[in-house]
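> below are the sequence and a predicted model; questions follow.
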Amino acid sequence: MHYPLVIAVIKEPYYQIPDWLNTDVAYTEYVKLTGQTTSDEVDLFIAMLLGYNNIDIKGTPHEVLKRLFDESDVVIGGGIYFESNDR
């Protein structure tokens, strides 16, 4: 049985990137989260997650990520992409 490919897609990743991530990342319209996602795409995803949730990016990685993890709700713009040989 053939299963469709399912990929998490993050839309509009245009938030400021913290200094402790790769700030030379090229912004793209979307980021696909797969097993082949590059470190630059992961940096872009983290920046988008922080920005979308209005997390202050000043401070050490530990301080910034603690602010994110302390949130009771975390949201991100995007959706799920399905791909199959049939469609």
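On my side now, so go ahead.
> part of a strand, is residue 40?
No. If the criterion is DSSP: H, G, I helix; E, B strand; the rest coil, then residue 40 is helix and not within a strand.
> contact partners for it?
Counting by Cβ atoms under 8 Å, 6 or more residues apart in numbering, residue 40 touches 22, 25, 26. C-beta coordinates here come from the backbone N, C-alpha and C atoms, glycine included.
> which SS class is the last one?
Meaning residue 26. coil.
> over to the first one?
Counting by three-state DSSP, the backbone at residue 22 sits in coil.
> so which helix or strand takes in the nearest residue to it once chain neighbours are set aside?
Leaving out its chain neighbours, the residue that sits closest to residue 22 by Cβ to Cβ, 6 or more residues apart in numbering is residue 43, at 4.8 Å. Using DSSP states H and E, residue 43 sits within helix 39-52.
> if you count neighbours, what's buried in whichever helix or strand comes after that helix?
Downstream of helix 39-52, the next assigned helix or strand under DSSP H and E is helix 61-69. By 16 or more other Cβ atoms under 10 Å, the buried positions in helix 61-69 come out as 64, 65, 67.
> related to what we said a few turns ago, check the residue nearest to residue 22 and give its pLDDT.
On the pLDDT scale, residue 43 is placed at 88.
> mind listing what it touches?
17, 21, 22, 25.
> for the most centrally placed residue in the chain, which non-adjacent residue is closest in space?
In the chain, the centroid-proximal residue (Cα atoms, centre = their mean) is residue 45; its distance is 1.9 Å. Distances taken as Cβ to Cβ, 6+ apart put residue 31 closest to residue 45, at 5.3 Å, once the chain neighbours are dropped.
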